[in-house]
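1. need the 3D shape of this:
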Amino acid sequence: MFISIQRKIQKALFHWRLRGFQTRELPTAPTDIQLEPTVRCNLHCVTCSRDTVIGSYKKTDLELCDVDKILSLFPHLKSVKLQGLGEPLLHPQIAEMLRMFKDRNVRV
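-> Okay, the predicted model is just below:
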């Protein structure tokens with residue numbers, strides 16, 4: 001019986017703390033994001049899971065209009081990390097994409 005009471009007290013304290021967390025201000029928009037510009041790769045590493053995962057992808061390259069939409073969603077963006085299953089520099093429009101980041105003072 002003592003364990004049951006102790007468990008109910010722990011549960012009540014958990015919900016009490018959670019209530020306090022919910023009343024705080026919402027966090028600000030992210031200033032750093034990660035993007036996967038492409039899933040293209042010029043290597044076939046033995047340890048890479050890319051070849052097994054790639055079949056589920058409908059698009060292989062991130063389009064510039066999508067990058068523009070993403071940039072508009074994050075007005076306080078400071079930096080972007082280009083990564084993923086592919087080599088970012090194999091994106092056919094990587095120069096234009098980098099220019100978009102530079103025009104908005106976003107560090108890559």
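
2. what about the strands in the chain?
-> Per DSSP state E, the chain has strands spanning 32-35, 79-82. These are given in chain order.

3. would you point to the one among the ones you listed that's packed deepest?
-> For those, the stretch with the most neighbours on average is strand 79-82, a mean of 17; neighbours defined as mean count of other CB atoms under 10 Å. Using the backbone N, CA and C atoms, a C-beta is placed for each residue, glycine as well.

4. list of residues touching that one?
-> Contacting residues not belonging to strand 79-82 are listed as 31, 32, 33, 34, 35, 36, 37, 88, 101, 106, 107, 108 [CB atoms under 8 Å, 6 or more residues apart in numbering].

5. bridged to the fifth one, which residues?
-> What it means is residue 35. residue 82 (DSSP bridges).

6. find the residue at the geometric middle of the chain.
-> The structure's the chain has its C-alpha centroid closest to residue 34; by CA atoms, centre = their mean the separation is 4.9 Å.

7. got the contact list for that residue?
-> Counting by CB under 8 Å, 6+ apart, residue 34 makes contact with 80, 81, 82, 83, 84.
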